[in-house]
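Colleague: Okay, sequence plus prediction incoming.
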Amino acid sequence: MRLNRRWRYGLGLSTLFIVLGVQGWQQWQQRRWADTLGITAAPLPSDRLVTLADWQRRLDPLRLTPRQQQQLEPLLISLQRLRVSVELEADPHDRYAGLWLPSQRQIRLNPRLLRSPSALLQSLSHESVHVAQSCRSNLLWGYSPVPLGLATDPQVRRRVDQSPLYQNYPGDRRVEYEAHTYAQQPEQVVQILKTACTES
């Protein structure tokens, strides 16, 4: 009986060390990726955009079309329910269009997207897929996005594989295949969020 208890205790400790090791390795990879993109860990000066009216104000005079408004509003509401903030970075840059920071529950968008409402909607949809992928994370992988098993477009997969941006991508490229495939389908992304995430 005592041997059995020691064996279970040893197995529990081994499992804990494996989980901590995997999480540490993953955090190291994420830091390398953040360095590649020039992402700072410190909160950047930004503008939090919560409602459709906030977006309309920032996009003026480039107004969202009625169709884009119908697509953007449910997406923003879904993100609010999941307590995900959407923030516009202070300064435009060429490193990335959008970024999902799971540990901060925050999507950061590049202000250069304000030049094109359709590009802004596409980038927000892309990052929202990463939010859904993070809802499926587990103890071993932490909050990092994991693939949802969604159908992906072969052309999108080729484009991601050939992109210099993703050559040193530390995670599973399938998360990018899914996010790029659904970036132009905001209504579908709202459904993906509902399915993958328990709204609270």
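Modeller: That came in fine, so what should we check first?

Colleague: hey, where'd the helices end up in this protein?
Modeller: 2-37, 52-59, 66-81, 117-135, 154-162, 173-182, 186-196 (DSSP state H).

Colleague: Could you find the closest non-adjacent residue to Pro74?
Modeller: Of all residues not flanking Pro74 in the chain, Val190 sits nearest, at 4.8 Å (CB to CB, 6 or more residues apart in numbering). Every C-beta, even on glycine, is put in place using the N, C-alpha and C of the backbone.

Colleague: okay, now the one you found: neighbour count?
Modeller: 21 (other CB atoms under 10 Å).

Colleague: Over to Tyr169?
Modeller: With other CB under 10 Å as criterion, Tyr169 counts 15.

Colleague: Quick check: it touching Val175?
Modeller: No. Tyr169 sits out of contact with Val175 when judged by CB atoms under 8 Å, with a separation of 9.1 Å.

Colleague: now stretch 117-124, how far from the chain's geometric center?
Modeller: 14 Å (CA atoms, centre = their mean, to the nearest Å).

Colleague: on that earlier part again, now the residue nearest to Pro74: how far from Ile77?
Modeller: 8 Å (CB to CB, to the nearest Å).

Colleague: Could you do Gln184 as well?
Modeller: Gln184 is 20 Å from Ile77, by CB to CB.

Colleague: Give me the pLDDT value at Cys197.
Modeller: Predicted confidence (pLDDT) for Cys197: 89.

Colleague: what do you get for Gln23?
Modeller: 61.

Colleague: likewise the one 4 residues further on?
Modeller: The per-residue pLDDT reported for Gln27 equals 61.
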